[in-house]
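Asker: sharing a model that was predicted from the sequence below.
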Amino acid sequence: MFPPKAKKIKKDLKDSINSRTDYFYWLNQRDDPEVINYLNAENEYTSKMMLHTQGLQDKIFNEILNRIKQDDSSVPYKDEGYYYYTRYEEGKEYPVYCRKKGNLTANEEILLNVNEMAEGHNYFNVTGLSVSRDKKYLSYGVDLTGRRLYDIYFKNIESGELFPDTLANTTGYAVWANNNNTVFYTLKDDSLRGYKIFRHRIGEDNSKDIEIYHEKDEGFITSVFKTKSKKFIVIGSFSMVASEFRISDADDSDGEFKVFQHREKNLEYSIDHFYDKFYIKTNLDAKNFRLMETPLDKTTKENWKEVIPHRADVLLEEVEVFNDHLALLEKKEGLNRIRIISQKNNLDYYLNFEEEAYLAFFDRNPEFDTDTLRYSYTSLTTTRSVIDYNLNSMEKTVLKEDEVVGGYNKNDYHIERLYVPAEDNTKIPVSIVYKKGIKKDGNNPLLLYGYGAYGISTEPVFSISRLSLLDRGFVYAIAHIRGGQELGRLWYEDGKFLKKKNTFTDFINCAEYLIKEKYTSSRKLCAMGGSAGGLLIGAVINMRPELFKAVVASVPFVDVVTTMLDESLPLTTGEFEEWGNPKQIEYYDYILSYSPYDNIKRQNYPALLVMTGLHDSQVQFWEPAKWVAKLREFKTDNNLLLLQTNMEAGHGGASGRFRRIKETALEYAFYLDQLNIKDI
């Protein structure tokens, strides 16, 4: 069967710096029937080319599904006299949000049954559940397309009645003032940027909503939240390199919002309230951040006093404030550490974690007046545990360990942590897991994953679905490449702007090292990345296609120059602080030199599965569609090239916990088929 061939229409793209020609620019029309027909043709081609693997896909799907505890529930967390939790019912796609008053033996109140709400919808996502201070009313956001554009609804919890109020085109989250009839919410503009904060009175017509704040700088997004102490409503404005906050008394719904500290380029800070002062986590003269404090009435930076100093080898990530303790989440040598500081006696210590590669992180801690810290722990071989730690007695209580139905023995698998020399001799951490008994003889299939952008660290966490690869002999490796923040802020900065190519060469160096050390070979090496990780995949296979046998790019950001020159698209203006502004010649030339779409060559490419969503809010569907169309024209091999577009979803893929597994099963079947691995 021949693959679809997108027609070519010459489009000259001219800007103040340069001009380019794009023959597939016409694919950027979401409502054009011809575009939809092309995407459907690609989907049909993918289905037919993968038809012989349908039995394998079904088997993998059922494997993963059967490992999941379907009638599962989260550990309840306490907030002002109520216990909140989420549960799933056997065979159902969506969660049921619940609470109990006073104790866990009380009668269950169902806040939302999303299964009932989702009936008749191909895509359905609920977010932003927020309860009024008197616990009578619920607000929540609903997205029906995957575009991450939410309508906010309000519900009387006791009666189940929905209020007529509907707030459209929002982030989905409303913040309740302490008077229980006023909320603050964030409106999105046409580019899906949170740009205005409004005040709404429950029961009033939306036309009476008062605009509280307008973020006019298109490089910033804005949002609103409440401090853990419930004392302040906070409006935050954020760019990639700066932040600014405005605060107002949560007891005064008509109160004025006062600027905490005016924005300055490269000044990042976050705040939380503690009795008569604020704590501030900031990068002020501290690349890896430090902790400061300041009086309630003197919030500008000249009043900030240091509490925890900056450390060159430790990144301060998060701070949880309690009435008698501080809990700090720090990262050192690529691994998280939890630090406890007593506010009463200055006792200062770290919790112990023993595995070679793991993730520990703060769980839900909504209450200020408590002596319990809740955190979660997982690793590449350890399922997630939810743990309560008593800050006074120092006792740990494991509340729940995620279950792998059918049995799972972590001792059957092995974790390694490698440090791979990069081109400039920087050591790149690589986390590896595989089933014990494999031989390092170059014959193992290996899946190498990477992301490397926005300072987002790729953590070594457990995955139920990944067992379907490990049990078939795969080695799984995470390349903690620059552009993430695993080794501190400098690690991020060394993989952005005019150093972005470090991200790609780091990944290549990791692939070469794994081949050299005989974990795998180029005949058995697969790679995967999504979104900015899809950019990584696209750049790498242009640079070193011979290293890989098969790759998957999910919602890949591959047409970087064209997207970054179009400020009408979601996220573009804010992205200038990540990639650079291509309206400046230095950045234009540099971005153009690595943009995957612009650097496709007449050469052999590995087998490639590209996955996207028609309603993607972050990487528009036409980027991967154009990329595939151009690759079809240029590539000189007969390797499989597939484009799979979810016509009902966006950046996060299908809604529902089981539908997503079908996408994973397709991906895994693609690897196995390309490696000619006969199923076991």
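Answerer: Thanks, I have the structure now.

Asker: R602: neighbour count?
Answerer: A count of nearby residues for R602, using other C-beta atoms under 10 Å, gives 8. (Glycine included, C-beta is placed from N, CA and C.)

Asker: how is the chain carved up into domains?
Answerer: Domain ranges of the chain: 10-65+554-564+595-675, 78-120, 121-250, 413-521, per automatic domain parsing.

Asker: and these, which one's lowest on average pLDDT?
Answerer: Lowest mean pLDDT of the domains of the chain: domain 10-65+554-564+595-675, a mean of 93.

Asker: what's the end-to-end length of that domain?
Answerer: This stretch, domain 10-65+554-564+595-675, spans 38 Å end to end (C-alpha to C-alpha, to the nearest Å).

Asker: cool, stretch 319-335 as well?
Answerer: End-to-end for stretch 319-335, by C-alpha to C-alpha: 16 Å.

Asker: equivalent analysis for stretch 327-346, please.
Answerer: End-to-end distance for stretch 327-346: 12 Å, by C-alpha to C-alpha.

Asker: ok, now stretch 557-569?
Answerer: Distance between the two ends of stretch 557-569: 13 Å, counting by C-alpha to C-alpha.

Asker: give the contact list for N178.
Answerer: Counting by C-beta atoms under 8 Å, 6 or more residues apart in numbering, N178 touches 133, 230, 250-251, 253.

Asker: which one of these is nearest F362?
Answerer: F362 has its nearest neighbour among those in K230, at 18.7 Å by C-beta to C-beta.

Asker: wait, a helix at that closest one?
Answerer: No - looking at K230 with DSSP: H, G, I helix; E, B strand; the rest coil, it is coil, so not inside a helix.

Asker: centre-most residue in this protein?
Answerer: I456 (8.2 Å; C-alpha atoms, centre = their mean).

Asker: report the separation between that residue and G450.
Answerer: Distance, I456 to G450, by C-beta to C-beta, to the nearest Å: 11 Å.

Asker: the residue lying closest to N323 once chain neighbours are set aside: neighbour count?
Answerer: Closest residue to N323 apart from its sequence neighbours, by C-beta to C-beta, 6 or more residues apart in numbering: D369 at 4.8 Å. Residues near D369, counting by other C-beta under 10 Å, number 10.

Asker: what's the answer for K440, then?
Answerer: Around K440 there are 13 residues (other C-beta under 10 Å).

Asker: and it, what are its phi and psi?
Answerer: Backbone torsions for K440, taken as degrees, to the nearest 10, come to phi -90, psi 80.

Asker: ok, the closest residue to it other than its chain neighbours to G442 distance?
Answerer: Nearest non-adjacent residue to K440, counting by C-beta to C-beta, 6+ apart: K518, 4.5 Å away. Counting by C-beta to C-beta, the gap from K518 to G442 is 4 Å.

Asker: higher neighbour count, those two?
Answerer: Remark: of K518 and G442, G442 carries more neighbours, 16 against 13, as counted by other C-beta under 10 Å.

Asker: confirm that that one sits in a strand.
Answerer: No - the assignment for G442, made by three-state DSSP, is coil rather than a strand.
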